[in-house]
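K.L.:
Got a sequence here, can you build the structure:
(3 chains)
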Amino acid sequence: MLDGSSVDPMVVRPFIIRRFVKESHDTFSFGLEPMVGDRDFRFAPGQFNMLYVYGVGEVPISISGDPTKPLSLVHTTREVGTVTRAMRILKVGDTIGVRGPYGTSWPVEEARGRDVVLITGGIGLAPLRPVIYYILAHRERYGRIVLLYGSRTPEDILFRKDLERWRARFDVETHLTVDRASGSWRGNVGVVTQLIRRSPFDPLNCVAMVCGPEIMMRFTVSELEKRGVPYDRMYLSMERNMKCGIGLCGHCQLGPSFVCKDGPVYRYDQLSDIFIKREM
Amino acid sequence: MGATPTAAVLDAGNLQQLLDILQKQNYQTVGPTVRDNAVVYEHIQSVEDLPRGWTDEQTNGRYRLTHGKGKKFFGYVHGPNSWKKFLYPPARQLYAADRMKHRFDVVAPEPSGIKPALIGVRACELAAIMVQDRVLMDGEYIDPEYKARRQNAVIVAVNCTRAGGTCFCASMNTGPRVQEGYDILLTEVVDSHGHYFTVETASEKGRAIAAQLATSPASEEQLAAARQAVDKAARQMGRTLDLTDLKDSLYRGFDSIHWEKVAGRCLTCGNCTMVCPTCFCVNVEDTTALTGEQAFRIRRWDSCFTVDFSYIHGGSIRATDYSRYRQWLLHKLAYWQDQFGVVGCVGCGRCITWCPVGIDITEEARAVKG
Amino acid sequence: MENLERILQEHPFLEGLKKAHIELLVGCASNVAFKEGEWIFREGEPANSFYFIRHGRVHVQTHAPHTGPVVIRSREAGEVFGWSWLVPPYKWHFDARAVEVTRAIALDGKCLRTKCEEDHDLGYEIMKRFALVIAERLEATRLQLLDVYGNEINR
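P.N.:
Next up, the predicted model:
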């Protein structure tokens, strides 16, 4: 049954959990390897997989690993619902069902020769991490690289080791900020959108990739616009309820588009009319 | 496609031949029958199962079957069912997962191999099937079971010779005359020549079946009688939906205050989505066997009127009633055009009939268009 | 003094201000430096200045019962901070502390208030610029209050 056109795209492949990392009190990452068959899992930065937990359900999770290392398939998520809660108590050696990768990707090719501005908040750093891996692996192709990351508190910061590494590099501008902090935090405090104003990038020759809560993205777009970044150089990743990931279940509709196949990554000039509509 | 209809006539008394031929070829014959005071689509064995003599009265929020003096097999218009339940079943197992300690294997069901013969498909319903084709088998990802059933299916269409009280297919350009997509097309006529069907075919499959029927060549008079009966149905139709500037005017009406007015009546029950022949949204459910050693994923029809439909961590995108009604209407009439290149409504009027408070999509669209 | 004038003249905050007005501002300006951990001002103290940060980082914070100090926001090089000098009763609403060695130009608010009263053209230019600062703070505060990364949906 598992060959030819009769294969139901809703059917998952079993993968084994090889690594499990707690990132913060409610976020975690895991590395997967297929139970049988080809280990090579190619994906483009920004794409997601549908992940199935035995008997519990299936959810879309963005791929957070390195696209230049297709042998290691990594996802990062936050414990927010029934399925992700069940995922969090899985262990190395357990099985997860995988289908994908699905959806559109970040414009790493279009960004060649330009400054790259990555603006992210909360768990939104996870779908952008593959971009950072990719552009750092091809550093010479890009102009300045600016990473602005906002988190709720210092304890919620994701990927601390990566961030330390990126902050230590002279060819990446990394700025962190938190919305609230106790007295012991010595870094930036304030919303991530405030960092945009002072960031060193050329607004007319950059590509901005934005991923975070919708409201944070709305404020981000407005700050980028103030800097003079054109709409067709801004890219946003959207999130909706998804049951299939392939445009058949109808749940992820956002006006005329399906977030699972027309998104999750949208170029903002193609999204601007519907992005501001409430409850669309 | 483009085949010249062969003009033949089948005496109504020989209609059983059609079912016999189809059943002999291992088709599951499904068609209209009366159950619970409504015409529903079920498996049928013989012409005795057909709703002979029954007609329906339909208007906003109202459906009544009456048994009149007529003897037509297809004198009703339609009931709450559509054919999608045979092509895209309301519930279907996607796969089972068999657990062995901390691992599991995935077992997908074999394709069902079902060959449905749909008897009595109306023009709007055929249009709806072709709308669903675009969604479920013409895109990048397909539903293999839908595609298999669709390819295996025989469609015996029937022209409407009477308009229902909530019909508006004429204004949607989807009926009442069946234009394409059928294998065999019947038009039922009762006149001075008797009770007969004109028989047209539009596919090899249809021609092969029709060739086995005891037909006789149709006279000009008989063909004219059939044509006139369908023309009459078109004239009878009381409701219209204006397609002019439909999409853009509805987009412009996104923030219309009218949505809140409709929501004042709408119960968000989802009936309209269940009776709609083009609605395709589904949900997936997980169940586990009592032993815990097997889990199943089951796909079910879903409705965009539920709060859960758009739920993401902590809340729903469409939390208000009016936003969900708006989603349904705008999806049918506007978004669908951008998504699939056609309007998602075929004008069958079921959502008007089966709405418990009688909301009329044609009126609401008109109000929002302004 | 020449140095101060050049810095103020080139600061984006004062872009478009007439030379005569810049000179008036320079008359109220002085260089200040704060050691790591030093308080710049404390809640309730008279607010008689605002700052152009040239180097370092400042935390604006308050003290919440049970939880201790809470940092509300940080200010960094290139930014202007402090607007309590402009509105009665001219008292600081929060604490400000240098978390790194910080150098800034302080403007004497008391002196500037008088000058703005005497010269409404200058007063309007200053008001216009601080209106932007205040609006931006309000927007940022609203966004912060929404707790966008929390567990509730963000709409």
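
K.L.:
Residue C:144: which element?
P.N.:
Assessed by DSSP states H and E, residue C:144 sits inside helix C:120-145.

K.L.:
List the buried residues of that helix.
P.N.:
C:122, C:125, C:126, C:129, C:130, C:133, C:137, C:139, C:140, C:143, C:144 (16 or more other C-beta atoms under 10 Å in any protein chain shown). From N, CA and C alone the C-beta is placed, and that goes for glycine too.

K.L.:
do stretch B:111-128 as well
P.N.:
Buried residues in stretch B:111-128, counted by 16+ other C-beta under 10 Å: B:114-128.

K.L.:
Residue A:74: which of those is nearest?
P.N.:
residue B:114 (41.6 Å; C-beta to C-beta).

K.L.:
quick one: contacts for the closest one?
P.N.:
Residue B:114 is in contact with B:28, B:86, B:148, B:149, B:152, counting by C-beta atoms under 8 Å, 6 or more residues apart in numbering or on different chains.

K.L.:
Next, format these as TSV and append secondary structure.
P.N.:
Shown next, in TSV, are the contacts of residue B:114 (DSSP: H, G, I helix; E, B strand; the rest coil):
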residue	secondary structure
B:28	strand
B:86	helix
B:148	helix
B:149	helix
B:152	helix
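
K.L.:
Which ones among those also lie next to chain A?
P.N.:
Restricting those to those touching chain A (C-beta under 8 Å from any C-beta of the partner chain) yields residue B:148.

K.L.:
Check whether stretch B:241-261 comes near chain A.
P.N.:
Yes - using C-beta under 8 Å from any C-beta, stretch B:241-261 reaches chain A at B:254, B:255.

K.L.:
Quote the end-to-end distance of that stretch.
P.N.:
20 Å (C-alpha to C-alpha, to the nearest Å).

K.L.:
mean confidence score for it?
P.N.:
Mean pLDDT, stretch B:241-261: 95.

K.L.:
Is there any residue in it that contacts chain C?
P.N.:
No - with C-beta under 8 Å from any C-beta as the criterion, chain C is not reached by stretch B:241-261; the gap is at least 15.8 Å.

K.L.:
quick one: contacts of that stretch?
P.N.:
A:277, A:280, B:168, B:171-173, B:322-323, B:325-326, B:329-330, B:333-334, B:337-338, B:343, B:345, B:347, B:361-362, B:364-370.

K.L.:
Kindly recompute the last result at 6 Å.
P.N.:
Applying C-beta atoms under 6 Å, 6 or more residues apart in numbering or on different chains, the contact partners of stretch B:241-261 are A:277, B:168, B:171, B:322, B:326, B:330, B:333-334, B:337, B:362, B:365, B:367-369.

K.L.:
Equivalent analysis for stretch A:248-263, please.
P.N.:
Stretch A:248-263 is contacted from outside by A:102, A:104, A:238, A:240-243, A:245, A:247, A:274, A:280, B:281-282, B:335, B:338-339, using C-beta under 6 Å, 6+ apart.

K.L.:
So which residues of the stretch 151-280 of chain A form strands?
P.N.:
Applying DSSP state E, counting those that start in this stretch to the stretch 151-280 of chain A gives strands spanning A:173-178, A:181-182, A:188-189, A:206-211, A:234-237, A:253-254, A:257-258, A:265-267.

K.L.:
mean pLDDT for these: which is lowest?
P.N.:
Among the strands of the stretch 151-280 of chain A, strand A:181-182 scores lowest, at a mean of 86.

K.L.:
so where is chain C shaky, pLDDT-wise?
P.N.:
Applying pLDDT under 70 to chain C flags the ranges C:1-2, C:151-155.

K.L.:
how close does the residue in the stretch 151-300 of chain B that chain A sits nearest to sit to chain C?
P.N.:
Using C-beta to the nearest C-beta, the closest approach of the stretch 151-300 of chain B to chain A is made by residue B:281 at 3.3 Å. Relative to chain C, residue B:281 is positioned 21 Å away (C-beta to the nearest C-beta, to the nearest Å).

K.L.:
Next, the nearest residue to residue B:214 once chain neighbours are set aside: phi, psi?
P.N.:
In space, and not counting its chain neighbours, residue B:214 is closest to residue B:14: 5.1 Å by C-beta to C-beta, 6 or more residues apart in numbering or on different chains. The phi/psi pair for residue B:14 (degrees, to the nearest 10) reads phi -100, psi 10.

K.L.:
thinking again about what came up before, mind giving me TSV with the strands of the stretch 151-280 of chain A and columns for mean neighbour count?
P.N.:
Shown next, in TSV, are the strands of the stretch 151-280 of chain A (neighbours: other C-beta atoms under 10 Å in any protein chain shown):
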stretch	mean neighbour count
strand A:173-178	20
strand A:181-182	20
strand A:188-189	24
strand A:206-211	26
strand A:234-237	24
strand A:253-254	24
strand A:257-258	24
strand A:265-267	21
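
K.L.:
Any chance of those strands in CSV with distance to residue A:92 as columns?
P.N.:
Output for the strands of the stretch 151-280 of chain A, formatted as CSV (distance: least, C-beta to C-beta, whole Å):
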stretch, distance to residue A:92
strand A:173-178, 30
strand A:181-182, 34
strand A:188-189, 36
strand A:206-211, 28
strand A:234-237, 29
strand A:253-254, 37
strand A:257-258, 35
strand A:265-267, 31
